[in-house]
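1. predicted coordinates and the sequence they were generated for:
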Amino acid sequence: MSLSMLDGKLLAWSALFVVSQGNIARLLGPAAPKVLEVQTAWSEQRYRQILASMDDAEIARFRSHYFPDFVHPAIYAIALRAGARSLAAKTPLSHAATTALAVAPVVSAGGDYIENIVGLMLMDNREQITDTVVRATTVVSTVKWILAIGSLTYLTQGFLRVWAKALLR
């Protein structure tokens, strides 16, 4: 099986995703676990505890990750959509799957942007940290993760089936 132009785009965007994710991890350093904690905080109290647990260096690292993270969602959305196009060229997909694979990455990226904007705003305006804001943002984060990981899982199992068929020929 040779690589098509669609496969090349998928590989290029996936590689860019890995570089972008690596850069964000590098910027965060030891503050990296705090990102997931903030994204899954269900209360004002917990959100404040997480921010309070960071020293000045961690806060600076945490803040620095947001700027590349405004490019990152577009990269992963494009990579996932490239994967969907590549898979669709190799095997028939239902209309529902095609639609979901087109929409889910875009909605996920949109959620990531909302999460980033709110996160940056709350770092500088801690008086605006409320249960309502934290819970709404956590719902957005959770949906973002479900859509992105769901898309990736669907694509992965689809490609594994295509590759298994190719190997058995």
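-> Noted; the coordinates are in hand.
2. distance of the closest residue to L11 other than its chain neighbours relative to A89?
-> Nearest non-adjacent residue to L11, counting by CB to CB, 6 or more residues apart in numbering: L3, 7.5 Å away. Glycine gets a C-beta too; all of them are placed from N, C-alpha and C. Using CB to CB, to the nearest Å, L3 is found at 11 Å from A89.
3. compare the two (neighbour count), which wins?
-> A89 (13 against 10; other CB atoms under 10 Å).
4. which residues touch the more buried one?
-> S4, L6 (CB atoms under 8 Å, 6 or more residues apart in numbering).
5. now I78: how far from L10?
-> From I78 to L10 the distance is 10 Å (CB to CB).
6. could I get the buried residue list for the strand or helix carrying V106?
-> In the assignment (DSSP states H and E), V106 maps to helix 95-124. Neighbour-count burial for helix 95-124 flags 100-101, 104-113, 115-116, 118-120, 122-123 (criterion: 16 or more other CB atoms under 10 Å).
7. so what does that helix touch, helix or strand wise?
-> helix 44-52, helix 56-66, helix 72-90, helix 131-168 (3 or more CB pairs under 8 Å, 6 or more residues apart in numbering; DSSP states H and E).
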